[in-house]
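1. Output the structure for:
(chains A and B)
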Amino acid sequence: MAEQQISMEEFKFMADRAGLGMDQVELDHLKPIYELYLGYTAMLHSINLGSEEMVVEFHPD
Amino acid sequence: MAQTGKALHHLTIHEAGKLLKDGELSPVELTQALFDRIAETDDTLHSFITLLSDEAMGEARAAEAEIRSGRYKGPLHGIPIALKDLYDTAGIRTTAGSRVDFDRIPTEDSTPTARLKEAGSILLGKLAMHEFALGGPDWTTPFEPARNPWNLDHITGGSSSGSASAVSSGQAMGALGSCTGGSIRGPASLCGIVGLKPTYGRVSRSGVVTLSWSQDHVGPMTWTVEDSAYMLQAIAGHDSKDATSSKAPVPDYSLSLREDIRGKVIGLPRHYFFDADPSVNAEVVAVVEKAVSELESLGAKIETVELPSLEYVRAANTIIMVSEAFAFHEPNLRTRPQDFGEIVRARFRIGGMLSAGDYLQAQRCRQWSKREFAAALQKVDFFVTPTMTQPAPAFEGYDPNDTIRGRSFTAPFNVTGLPAISVPCGFTQAGLPVGMQIAGKAFDEPGVIQAAYTYQQHARWYEQRPNI
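-> From the prediction side, this is the model:
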């Protein structure tokens, strides 16, 4: 999994958008962990899944 | 007093069940022996969050009366078991290992709890776990982490940490774990016991605290394969209270307790599970390679299989898990974040920062993987792999974020929902247990159980107990 990094400004914007209400100490703690997860999202978006649909089904009954 | 030749707390469910059925052992005597064992060891192991001594002894007396009067219910009747502390138990605190639920007392039993009661088992107590079935061990949560009975300086793995330490040390004859990325098979492997994650939908999740709706599984953790079969029998089957519960008929799993793997084809996805990788311990792989060759000597055929989606499945499992967890825990994360431990609070918050596109891409990857695994299972009967990438790490220096990095050998079968079992297959030179994972077709728990049982009876690792 390739390491991914974002700026603190961008990270703070995303945290605020999610409404998580974190202070700077919490942001500093969370950012490197978030960057680990960014590696996963980058990996998933690198796949060409063609016409593959999502697996979750909805049954109206 | 029963004449068993070994301590009562080291009997298997199968052994104790026979004695109970024949009236040679009393459920009261057996349950007291387990509480004595807990008193002797739990100051060290920290397997239990809640002990139910009075309730359990009452249940034991009732079971004794039922068996004496000819109303024997089956292999779990009078058997002392314990539950990971995320199974709702009516009138009994259910914490999910968190300060958030520290005082939560459910009014109803979870479906698996109720079914184990109906089968006549005796509930000793509620077991330690990683907070909300995710990260740990976390010293910022209110409960002491469970310790590995094979080496107290080492972790049990998680999240079903107390389930593994309790069964491994003889504090409980069986336990339920829960599994979203490997939380049954992982600690089972690291603590030298059997852990069975059934097919998604095989066992109801109703009344089991959610981590990830679409990936949570319920399953048994026991000393032997046959004991897991007995527990699965009691909890499997459709439940209208769980929308994802399967209506597929439940077979008689005891019929799978036969030693025969001749002609079965075992697929080895070598490129992911066996080939060298910085995140994989070579000694663990070597132990499992030896076990695979023993399966071959018993008549199985070995084939290498390619599953390209494996490289992405860990990512899908993780992104789906934290996204769904955030959705479930969002109200508490916003109003009382300080009540979560550091590890879980961080991971759940990340779930709220992912996009819908991230989640959907993970679900599409999941569908790809499901089709790919199903196609491979048209050509082979099982996949066999190491259960874990490493033996149990030491507490000292352990970084829970290491579980985010590197490969996961268990997550592929949560993403695909396929049944998978971990069975002990040896030890490292340092004396830490190693588990072998056997996974099969959807709802082929009978095949998986039979393969694991065949290996178990040949290798007989169950004869070795931790020295605690």
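2. Could I get the contacting residues of B:D227?
-> For B:D227, the contacting residues are B:12-14, B:173-174, B:194, B:220, taking CB atoms under 8 Å, 6 or more residues apart in numbering or on different chains as the criterion. In this view, the C-beta of every residue, glycine as well, is placed from N, C-alpha and C.
3. So which bits of stretch B:418-434 are buried?
-> Of the residues in stretch B:418-434, those buried under the neighbour-count criterion (16 or more other CB atoms under 10 Å in any protein chain shown) are B:418-428, B:432-434.
4. Name the nearest residue to the spatially most central residue of chain A, ignoring sequence neighbours.
-> Relative to the mean C-alpha position of chain A, the nearest C-alpha, by CA atoms, centre = their mean, is the one of A:L38, at 5.5 Å. Nearest non-adjacent residue to A:L38, counting by CB to CB, 6 or more residues apart in numbering or on different chains: A:Q4, 3.7 Å away.
5. Please determine how far that neighbour is located from B:G431.
-> According to CB to CB, to the nearest Å, A:Q4 and B:G431 sit 39 Å apart.
6. ditto for B:D275
-> Here B:D275 is placed at a distance of 26 Å from B:G431 (CB to CB).
7. The residue nearest to the centre of chain A and A:E10 touch, don't they?
-> No. Assessed by CB atoms under 8 Å, A:L38 is found out of contact with A:E10, at 10.8 Å.
8. Now do the strands for the stretch 151-300 of chain B: every range, in order, please.
-> Shown for the stretch 151-300 of chain B, the strands assigned by DSSP state E, counting those that start in this stretch span residues B:174-179, B:194-197, B:217-222, B:265-268.
9. Given the last one, what are its sheet partners and their directions?
-> What it means is strand B:265-268. Each strand that strand B:265-268 pairs with, and the sense of that pairing, follows from DSSP bridges: strand B:301-304 (parallel), strand B:382-386 (parallel).
10. now do the second one
-> Within its sheet, strand B:194-197 is paired with strand B:217-222 (antiparallel), strand B:420-427 (antiparallel), according to DSSP bridges.
11. export the buried residues of stretch B:418-434 to CSV and tack on pLDDT?
-> As requested, the buried residues of stretch B:418-434 are exported to CSV (pLDDT from 0 to 100):
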residue, pLDDT
B:L418, 98
B:P419, 98
B:A420, 98
B:I421, 98
B:S422, 98
B:V423, 98
B:P424, 98
B:C425, 98
B:G426, 98
B:F427, 98
B:T428, 98
B:L432, 98
B:P433, 98
B:V434, 98
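12. which one of the residues you listed is nearest chain A?
-> Looking at the buried residues of stretch B:418-434 and their distance to chain A, the nearest is B:L418, at 13.4 Å (CB to the nearest CB).
13. Just give the closest residue to the closest one, not the sequence neighbours.
-> Nearest one to B:L418, counting by CB to CB, 6+ apart, is B:A439 at 5.3 Å.
14. For the one you found, give me the backbone phi and psi.
-> phi -120, psi 150 (degrees, to the nearest 10).
15. pretty sure it is touching B:V380, no?
-> No. Contact criterion CB under 8 Å: B:A439 and B:V380 do not qualify, at 10.4 Å.
16. and the two? which has more neighbours close in?
-> B:A439 (26 against 21; other CB atoms under 10 Å in any protein chain shown).
17. quick one, what contacts that one?
-> With CB under 8 Å, 6+ apart as the criterion, the residues that contact B:A439 are B:382-385, B:412-413, B:418-421, B:448.
18. Dump these to CSV, plus distance to B:V208.
-> As requested, those are exported to CSV (distance: CB to CB, whole Å):
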residue, distance to B:V208
B:F382, 27
B:F383, 26
B:V384, 29
B:T385, 26
B:P412, 22
B:F413, 18
B:L418, 20
B:P419, 18
B:A420, 19
B:I421, 20
B:V448, 22
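19. Okay then, goodbye and thanks.
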